[in-house]
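Participant: return atomic coordinates for the entry below.
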Amino acid sequence: MRRVLLVLAAVGVFSGSVQAPAPADPGGWQRALEEIVALGAAGVQAHVQTPAGAWDGSAGVVQLGRPEPVPPGGRFRIGSITKTITATALLQLVGDGRIGLDDPVARWLPEFGVDPRITVRMILGQTSGLLDYLNGGAGYAPLVGNSIDDIRRSWQPADFVRWATGKPLLFEPGGGWAYSNTNYIVAGMLIERVTGLPYHFHVYTRITLPLLMLRTGVPNTFDRILGPHAHGYYDYGGGLIDVTDQNPSYVWAAGGIVSSTGDLYTFLTGLLDGRLLPPHLLGEMRAFRHVNDSYSYGLGLYEFRLGDGCLGYGHNGYVNGFGSLALRSPDGRYGVTLSVTESADNRYTAALDRFVENVMCTP
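Facilitator: From the prediction side, this is the model:
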């Protein structure tokens, strides 16, 4: 899985170097989306929230070679924004008293040989040291490589955890920070072990249904996107191919959810306004650890530094063919959620940064 897009990669960073332009009106936002498409995206859709109200827009086409425009509010693969949902689900169980943030993971998943020093908090905060099964590292090739076959077969979460625990840790548990999708596979397995129920059952009953996120689904191994949606594309080295249909088991609780821009804004608002977690656990989620000059990370939540003192709370996501972002200002006055479907030429990163900063950093 590539990590080259500035705001849409699995690690997910903003450059922090683009200065926010003058405040934009909805027409300006539309032109910004059209610029993103002109610079190589197949399609883009966005939901914007400001004190003046909400705005939805889109640009580009549903499918290359066809004239149908991208529908605002269409569904898409949200990638690693799934992590914020997974973290919320696990923290709800902490709030219920069913598992502790400082419990050793090995107490709950003893069969995987997880280092006994690794805690639930470290898993959610990306400080466990577990190697990333999707991106590899430390001289190890990833388990899931850049192959169309890899994203179309069915995987078991245990495959990923056993792969990672069979490799040396990147650092002493709690002694560093490294983005690892393995951590959130472990988090999904902890939810299932604690509840005795499937991961998706908890997400539906405790998060999406209470918030009426009716366009959000946890497809598990189902490879289609139901309802209106744009197509995503990827080049594995032999030319551009349509990767819209893919088996989400390869990312599962780390990146497998399908949603819409409106639903993601509903989720982020419900989370940050305290509808999903009690104040002390929302505080734990927002206890951000400085990573670099562009962002800090809490428990499944980024604090992005967008420039000139402008901050955004949320997460971004990427799976082959689909980039996504869900972001809200600390005071809740501004927010943006978006999806970009990729094509062969992706020169739009700076334009996407400008659009996001224009929304989030308007005086």
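Participant: distance-wise, check Gly129 relative to Phe171.
Facilitator: Distance, Gly129 to Phe171, by C-beta to C-beta, to the nearest Å: 5 Å. The C-beta positions use only the backbone N, C-alpha and C, and glycine is treated the same way.
Participant: what is in contact with the two at once?
Facilitator: Shared contacts of Gly129 and Phe171 (C-beta atoms under 8 Å, 6 or more residues apart in numbering): Ala178.
Participant: okay, the two: which has more neighbours?
Facilitator: Between Gly129 and Phe171, Gly129 has the larger neighbour count (other C-beta atoms under 10 Å), namely 23 against 14.
Participant: which element is the closest residue to the more buried one other than its chain neighbours on?
Facilitator: In space, not counting the residues next to it along the chain, Gly129 is nearest to Leu169; the distance is 3.6 Å by C-beta to C-beta, 6 or more residues apart in numbering. Using DSSP states H and E, Leu169 sits within no helix or strand.
Participant: next one: phi and psi at Gly53?
Facilitator: Torsion angles at Gly53 (phi, psi; degrees, to the nearest 10) stand at phi 130, psi -170.
Participant: mind checking pLDDT for the residue nearest to Gly129?
Facilitator: Leu169 carries a pLDDT score of 98 in this model.
Participant: same deal with Asn146?
Facilitator: For Asn146, the predicted pLDDT is 75.
Participant: and it, how many residues sit next to it?
Facilitator: Asn146: 14 surrounding residues under other C-beta under 10 Å.
Participant: nearest spatial neighbour of it, skipping sequence neighbours?
Facilitator: Once flanking residues are discounted, Asn146 sits nearest to Tyr236: 5.7 Å by C-beta to C-beta, 6+ apart.
Participant: neighbours around that neighbour, how many?
Facilitator: Around Tyr236 there are 16 other residues, counting by other C-beta under 10 Å.
Participant: how many neighbouring residues does the nearest residue to Ala87 once chain neighbours are set aside have?
Facilitator: Spatial nearest neighbour of Ala87, chain neighbours left out: Gly300 (2.5 Å); criterion: C-beta to C-beta, 6+ apart. When neighbours are defined as other C-beta under 10 Å, Gly300 has 27 of them.
Participant: where does Gly300 sit: helix, strand or coil?
Facilitator: Assigned with DSSP: H, G, I helix; E, B strand; the rest coil, Gly300 falls in the coil class.
Participant: how near is it to Gly239?
Facilitator: Gly300 is 36 Å from Gly239, where distance means C-beta to C-beta.
Participant: how far is stretch 300-315 from where the chain is centred?
Facilitator: Between the centre of stretch 300-315 and the centre of its chain there are 14 Å (C-alpha atoms, centre = their mean, to the nearest Å).
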